[in-house]
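*Asks:* Quick check, what structure comes out for this input:
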Amino acid sequence: MAKEARKTPAQEQNDPLHCLPPALRERVTLVEDQHRWLAIAETSATAQLLRFHLPKLQQAMPGQQIKIVVGGKRQPMSSNNHASKPAGPHLAQESARHIEAVAEAIEDDALKASLQRLASRGEPD
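*Replies:* Have a look, this model is predicted:
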């Protein structure tokens, strides 16, 4: 009875990742490409461990080519309403005025235009 409780379901036995150690199994995703399978690892260290276990994986998937790729783990979408882009630095209006004054004194047209663009990003205090 204890042996039957330890048996895995049939669908897990058909999973090629089942031949890998559990810690490695959680960090690898198999994706079928046009002519081969891609084993996407979270980090280069995980990819190195996967290369060590590649013969076992190839036995579980006979006749299939497997390429190991480091792709990182996909993060689930967050449910909050914050912008996905982190807030950058802010330019105070006073600083923008100083940059504009410096730009007026510059003779180089390209540098002057760049400083004026920068000064135009000043935010009200």
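
*Asks:* pLDDT (mean, whole number) over the helix or strand hosting residue 57?
*Replies:* Per DSSP states H and E: residue 57 is located in helix 54-60. For helix 54-60, mean pLDDT rounds to 88.

*Asks:* right, and the helix or strand after it?
*Replies:* strand 66-70.

*Asks:* Strands along the protein, start to end?
*Replies:* Under the criterion DSSP state E, the chain contains strands at 28-32, 37-41, 66-70.

*Asks:* and residue 46, what does it touch?
*Replies:* 24, 27-28, 70 (CB atoms under 8 Å, 6 or more residues apart in numbering). Just so you know, the C-beta spots here come from the backbone N, C-alpha and C atoms, and that holds for glycine as well.

*Asks:* ok, now residue 32?
*Replies:* So residue 32 contacts residue 38 (CB under 8 Å, 6+ apart).

*Asks:* okay, now the domains of this protein?
*Replies:* Here the chain is described, according to automatic domain parsing, as comprising the domains 10-70, 89-125.

*Asks:* starting at the chain centroid, how far to the longest one?
*Replies:* Once both centres are worked out by CA atoms, centre = their mean, to the nearest Å, domain 10-70 turns out to sit 19 Å from its chain's centre.

*Asks:* repeat for the shortest one
*Replies:* Relative to its parent chain, domain 89-125 has a centroid offset of 36 Å by CA atoms, centre = their mean.
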